[in-house]
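Student: Compute the structure for the input listed below.
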Amino acid sequence: MENSVLEEKVFHKVMKNVPFGLVVSSEGRKRKVYYVNTMAYHMLGYTREEFIEKVQDGWSRFVDIDLRMVMREHHEEILTGESFELTAQTETKDGNKKWLSFRVMVSMDVISSQLKPVSYITITDVTEKVEKNRRYAREREYLRDCAARDSMTRLLNRGTMEDRIKEELESVAEGQNYAYIAIDLDNFKQVNDVYGHWVGDRVIMSVSNILREVYGNQVSIGRMGGDEFAVFLPDVKDRMWIQGQADEVLYRLRRQKEMIGMAEEPTASIGIAFGPEDGTSFRELYHRADAALYQVKKEEKNSIAIYTMI
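Tutor: From the prediction side, this is the model:
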């Protein structure tokens, strides 16, 4: 008897000071909490009585996950008495959010001479770890995005643009048409020489903004280098519509004259290659759109050429 009392005192002293919460409760419709240590309810800012009341009402009042899904996913562990872990966000008594890691084991134990399912749950506050991992993931995503984009315009850079187009071409369905559009500013070196690089940068930014406005965010738009840009449209239904969009790009660019501060209208030349007939690879589309672009540069500039028509 004396040893039993001593063991119980030691148990409570140890459980009071461990760095994790511990909850022992019966499972079923009438959940009963047999044991809860101080850390478990202090972690969420509740009194012991408040915490027990919430547990008895169900763990779904604590966590932001579907417990039925958890039961299905860990059905085998529950049946065999093996432990499993899950991480979930919960709300403290004062309304703040915390991330908690739960280690759960359900076993059949004799309670009041009856065999009942009893859950043993340890709870650890992992908020700092989760937030740190999230920050790290955001930083990695930011760095990946920086590496994929042109530093000035934030359009895709040449390497990323090429990779994106190759990926798009790999998933093209039979009968699907697509277009590669090459855009090159006219007399850009002269713009820099006459007005300075600051005005030249404004022209570059104007083109990038116009391309975003005309083509939207659902297509690949890139700065291929210097004053060369490209747009890839993976699913073309109406080729006249594509030509109309290209005309709109040229029209909007010319209207930038006063805003940029130039005496003459800034213009560009555009070459378009349609697939699959003009090419089924990035290399073919690029060179054929470039050939159409060269034809515009050679003849009149500030215009559009389609490869199959030159």
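
Student: how about the host helix or strand of residue 69: buried residues?
Tutor: Assigned by DSSP states H and E, residue 69 belongs to helix 67-73. Across helix 67-73, burial judged by 16 or more other C-beta atoms under 10 Å covers residue 70. Where C-beta positions appear, they are placed from N, C-alpha and C, glycine not excepted.

Student: can you check stretch 199-209 too?
Tutor: 199, 200, 202, 203, 204, 206, 207, 208.

Student: quick revisit: for the next helix or strand after the helix holding residue 69, what is the distance to the chain centroid?
Tutor: Going down the chain from helix 67-73, the next helix or strand is helix 75-80, by DSSP H and E. Helix 75-80 sits 34 Å away from the centroid of its parent chain (C-alpha atoms, centre = their mean, to the nearest Å).

Student: now what about helix 75-80, what contacts it?
Tutor: 71, 82, 83, 84, 106 (C-beta atoms under 8 Å, 6 or more residues apart in numbering).

Student: So which of these belong to helices?
Tutor: Applying DSSP state H to these, the entries found in helices are residue 71.

Student: Buried subset of the contacts of helix 75-80, written for PyMOL?
Tutor: To isolate the buried ones among those in PyMOL, judged by 16+ other C-beta under 10 Å, type:
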select buried, resi 106
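
Student: tell me which of the contacts of helix 75-80 is nearest to residue 248?
Tutor: Lowest distance from residue 248 to the contacts of helix 75-80 (C-beta to C-beta) belongs to residue 71, with 56.0 Å.

Student: how much space between the closest residue to that closest one other than its chain neighbours and residue 107?
Tutor: Closest residue to residue 71 apart from its sequence neighbours, by C-beta to C-beta, 6 or more residues apart in numbering: residue 78 at 6.9 Å. Distance, residue 78 to residue 107, by C-beta to C-beta, to the nearest Å: 9 Å.

Student: neighbouring strands for the one helix or strand residue 100 maps to, and are they parallel or not?
Tutor: Using DSSP H and E, residue 100 sits within strand 97-111. According to DSSP bridges, strand 97-111 forms sheet pairs with strand 84-91 (antiparallel), strand 114-125 (antiparallel).

Student: rank those strands by pLDDT, which is bottom?
Tutor: For those, the weakest mean pLDDT is recorded on strand 114-125, namely a mean of 84.

Student: For it, give me every contacting residue.
Tutor: 19-28, 34, 39-40, 43, 98-111.

Student: what number of residues lie near residue 89?
Tutor: Neighbour count of residue 89, defined by other C-beta atoms under 10 Å: 14.

Student: returning to what we had before: buried residues in the strand holding residue 100?
Tutor: 98, 99, 100, 101, 102, 104, 106.

Student: Would you check how far apart the first one and residue 138 are?
Tutor: As defined by C-beta to C-beta, residue 98 lies at a distance of 20 Å from residue 138.

Student: Then the fourth one?
Tutor: In this structure, residue 101 and residue 138 are separated by 21 Å, where distance is defined by C-beta to C-beta.

Student: where do the helices sit along this protein?
Tutor: Going by DSSP H, the chain shows helices at 2-17, 38-42, 48-57, 67-73, 75-80, 127-148, 158-170, 188-195, 197-215, 239-254, 257-260, 282-299.

Student: Output the below-cut-off pLDDT ranges for the stretch 151-300 of the chain.
Tutor: Residue ranges of the stretch 151-300 of the chain with pLDDT under 70: none are present.
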